[in-house]
Structure formats: structure tokens, C-alpha cells
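K.L.:
prediction below, plus the sequence it came from.
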Number of protein chains: 2
Amino acid sequence: MANGGPEIEQLIQLLARLPGLGPRSARRAVLHLIKKKDGLMVPLAAALDRAVAAVRTCEICGNVDTSSPCSICSDPRRIEAGLLVVVEDVADLWALERAGAGAVLYHVLGGVLSPLDGVGPDDLSIDALINRASVAKEVVLAVNATVEGQTTAHYITDRLAGTGVKVTRLAHGVPVGGELDYLDEGTLTQALKARTAI
Amino acid sequence: MANGGPEIEQLIQLLARLPGLGPRSARRAVLHLIKKKDGLMVPLAAALDRAVAAVRTCEICGNVDTSSPCSICSDPRRIEAGLLVVVEDVADLWALERAGAGAVLYHVLGGVLSPLDGVGPDDLSIDALINRASVAKEVVLAVNATVEGQTTAHYITDRLAGTGVKVTRLAHGVPVGGELDYLDEGTLTQALKARTAI
């Protein structure tokens, strides 16, 4: 198969392993890169090299950044506020930051408890969380509203029970812009229970 | 926005310019890369660097390869056969090669005639095609079955009319595995006209 030599073939195979890209779209992406060699391929290669050299995982919270402790954990305003938001994954941390979460610190668990997949408490950074919680004013459990996420939240709540730290979770309710007709019954029930005065 | 520093932000923006990836999926891809730093990010960076250094556009046919003339144009068996397949784009060339096109040479036009978009004959490698056609036994027009593709095919046929070279096009018909019910009428009419004995 003379699809442009081993260098191109290998690039296709590596790109195909990215989420959202398959073999076919990876091939299209590589052709696009080759067509825009100076404008896109060369800058992308340089950006990847720079990122490989610069990226660190924060030793405190588990965020990825170019320094450790990361810029969030080093922010005095956030440390002062003492609000510790627990997330499953770095992607959730980024989503909350995009939403303008404010002066909060994060703790990335690195997953959720899942006995079926063999993920126990020791596989997540839960011990580190318990340590950090002792100096926090409040721990917000911002785990996903899945069965595993809620199991993990229960486990963490139990572990924190003796410490006296305030533990909260994200509000359930109707998504902003969401239509009632398309929402599941669990969400609607929770939204009705937690109704607020206008 | 503390989404991991300028190196990561720039990588997201460049990846978001690939076809099939938007800002959201580029962010997910970058997180995936960072998580699999040694297994995926480092090899991808190296593969991109190698590809940037190695990739050439073939001076004869317009294919991309790591040598020019490309491995297809240098293949004596293909040169001997004298069958010149004209395609719009390198992606079409790769598709035909994947399909096992056999001992054929290619000519990549680099697009199709499109007066509305200001693409005339001088913007495509048509003059080079006419030159190459003089030593070919047959020219197969494997352009897309779109209006622009067919216009381009007509134009090339006219240009080749005086040269005596045999000009053919890909067969129209029912795609292998296709269901009649879902096919357009034009395809069905052509498939019926060009029916073959079993």
C-alpha cells in the first residue's frame, strides 16, 4: 500500500488513537496537515514538542499545568477562600474553570470507585483529599451524577464524617436553557423539591 | 482562565483546526494526550517532526510521499502499464490505492474547475496532465460524480480529443452492498443501462 511512506502511515495511526478520531478521519486530518504544512503542520509539531517538555501534573491537586504546584494551587486568593472542589477528572476541573467557578481550589480524584472495573479507594487520590480537607472550610463534591460518582461521593462523605469539615454537593435541577419535556424524571423531581423563591 | 498554561492552550487551538475536531473535542484530545504522555504524546510529537522533515509533493503526479518522484511514479510495473488515472485530490488517490487499483499511475489535479470559486484550468495541473497523457495508453477520469467534477472531466476530454489517447471514466452503478431503495434515480438509471450478463 503506497499511501505516502512509513512516516505518514505512522502519523495516521497515532492520530487515530485520539478520542473523536478514527482511522478514516485521522487520514483526512493528516492530508489536511500536509496541505497546510507551513501554516498548521509545522506549528503543531512545535506546539506538541513544547507541551511535551512543559506539561506537569500538579502534586497537590492533580491538575495538569506547566508548573507544580499548578497556578490554581499557587493562587493566594483561592487558598484564602478555603473551598475545596472535588472532581473526577481534569476535564471536569477545566469545565468548572470555564464556567467561572471563582476562588476555589480543586482536588482531582483520577476516576470514581468502580468495584466491577477493580477501582478501589487506593486507586484514587482519596487519602490525599482527606489530608487536604483538614485545612479546608468546605468540601464540594462535584462528581458526576452517575451511580459510580454518587457511590464515590458517599464513600468520601463517610471518610470525612469525623473531621467536622462541611461537605456539600452540586445542586441538581433543570439545566439553564433546558426544556422540561426532554428532562428525565429524577432531575424534574429534584428540581421541584429544591424549588426556590423568585 | 487557568486551563493549564499557554503551551496547552496553543495545542488545543491548533488541534481544533483539524477537520473533524472542534474546540471541545480538541480539548478532550489534548487531555487524552497528556494522560498518555509517554505512550501517545511523545510518539506523536516525534512522528509529526519526522513527517514534517520527510514529506514531499511528487513533482510528477502531485501525490504526497517521502520521495519525489513518489514510489508510485517510480514503479516500473506501473510505468509499463501506461494507465493514467486522473483524480481531484490526494485523498482520492489513497482511496483508489486502498481499493487495490493495481498497476496504474495517477495524476492529481489539485481540485476541480469551479468558475463560481474562481478556479480555472490554470489553477489545476491540467497542462501537466496533457503532457503526460501523450505517453499514456489510456487516461481514466476518476473525478467525483459532482457537477464540478463532470465539468472538469468534459474539459479534459476536449483538451485530449486531438491527441488520440483513449479516455475513459469510472463506471456508474449500484455501490457494492448498497440497497436500491436508498439510491438516487440517476444512479439507478445508469445501473440499469449498463447492466451486465451474469
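P.N.:
Now that the structure is in, tell me what you want to look at. Fair warning: this is a prediction, and the values are worked out from it, not measured in the lab.

K.L.:
distance of residue A:125 relative to chain B?
P.N.:
In this view, residue A:125 and chain B are 15 Å apart by CB to the nearest CB, to the nearest Å. From N, CA and C alone the C-beta is placed, and that goes for glycine too.

K.L.:
and that residue, what does it touch?
P.N.:
Taking CB atoms under 8 Å, 6 or more residues apart in numbering or on different chains as the criterion, residue A:125 is in contact with A:62, A:107, A:108, A:109, A:110.

K.L.:
closest to chain B out of those residues?
P.N.:
Checking those against chain B with CB to the nearest CB, the nearest one is residue A:110 at 9.7 Å.

K.L.:
of the contacts of residue A:125, which is the most crowded?
P.N.:
Neighbour tally across these (other CB atoms under 10 Å in any protein chain shown): the maximum, 27 neighbours, falls on residue A:107.

K.L.:
surely that one is within a helix?
P.N.:
No: assessed by DSSP: H, G, I helix; E, B strand; the rest coil, residue A:107 does not belong to a helix; its assignment is strand.

K.L.:
would you mind measuring from it to residue A:93?
P.N.:
Applying CB to CB, to the nearest Å, the value for residue A:107 to residue A:93 is 9 Å.

K.L.:
which neighbours do these two share?
P.N.:
Shared contacts of residue A:107 and residue A:93 (CB under 8 Å, 6+ apart): A:61, A:87.

K.L.:
residues in contact with the helix or strand bottoming out on mean pLDDT in chain A?
P.N.:
Lowest by mean pLDDT, DSSP states H and E among the helices and strands of chain A is helix A:185-193, with a mean of 85. For helix A:185-193, contacts defined as CB under 8 Å, 6+ apart pick out A:172, A:173, A:174, A:180, A:183.

K.L.:
report the buried members of these.
P.N.:
residue A:173 (16 or more other CB atoms under 10 Å in any protein chain shown).

K.L.:
buried set for the least confident helix or strand of chain A?
P.N.:
In helix A:185-193, counting by 16+ other CB under 10 Å, buried: A:187, A:191.

K.L.:
can I get it as PDB, trimmed to CA atoms?
P.N.:
Extracted in PDB, the C-alpha atoms of helix A:185-193 (Å, rounded to 0.1, in the frame of the first residue of the first chain):
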ATOM      1  CA  GLU A 185     -38.000  12.300  35.900                       C
ATOM      2  CA  GLY A 186     -35.200  12.100  38.500                       C
ATOM      3  CA  THR A 187     -34.000  15.600  37.600                       C
ATOM      4  CA  LEU A 188     -37.500  17.000  37.500                       C
ATOM      5  CA  THR A 189     -38.300  15.500  40.900                       C
ATOM      6  CA  GLN A 190     -35.100  17.000  42.400                       C
ATOM      7  CA  ALA A 191     -35.800  20.400  40.700                       C
ATOM      8  CA  LEU A 192     -39.300  20.500  42.100                       C
ATOM      9  CA  LYS A 193     -38.100  19.500  45.600                       C
END
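
K.L.:
and that helix, how far out from the chain's middle?
P.N.:
26 Å (CA atoms, centre = their mean, to the nearest Å).

K.L.:
ok, stretch A:150-169 next?
P.N.:
Worked out by CA atoms, centre = their mean, stretch A:150-169 lies 20 Å from the chain centre.

K.L.:
then that stretch to PDB, C-alphas only?
P.N.:
Below are the C-alpha coordinates for stretch A:150-169, written out as PDB (Å, rounded to 0.1, in the frame of the first residue of the first chain):
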ATOM      1  CA  GLN A 150     -22.600   9.000  43.700                       C
ATOM      2  CA  THR A 151     -21.000   5.900  45.300                       C
ATOM      3  CA  THR A 152     -17.700   7.700  45.400                       C
ATOM      4  CA  ALA A 153     -19.400  10.800  46.900                       C
ATOM      5  CA  HIS A 154     -20.900   8.600  49.700                       C
ATOM      6  CA  TYR A 155     -17.600   7.000  50.400                       C
ATOM      7  CA  ILE A 156     -15.800  10.400  50.700                       C
ATOM      8  CA  THR A 157     -18.600  11.800  52.900                       C
ATOM      9  CA  ASP A 158     -18.200   8.800  55.200                       C
ATOM     10  CA  ARG A 159     -14.500   9.200  55.400                       C
ATOM     11  CA  LEU A 160     -14.900  13.000  56.200                       C
ATOM     12  CA  ALA A 161     -17.700  12.400  58.700                       C
ATOM     13  CA  GLY A 162     -15.400  12.600  61.800                       C
ATOM     14  CA  THR A 163     -13.400  15.600  60.700                       C
ATOM     15  CA  GLY A 164     -16.100  18.200  61.200                       C
ATOM     16  CA  VAL A 165     -15.500  19.800  57.700                       C
ATOM     17  CA  LYS A 166     -18.600  20.900  55.900                       C
ATOM     18  CA  VAL A 167     -19.400  18.600  52.900                       C
ATOM     19  CA  THR A 168     -21.700  19.800  50.100                       C
ATOM     20  CA  ARG A 169     -22.600  18.700  46.600                       C
END
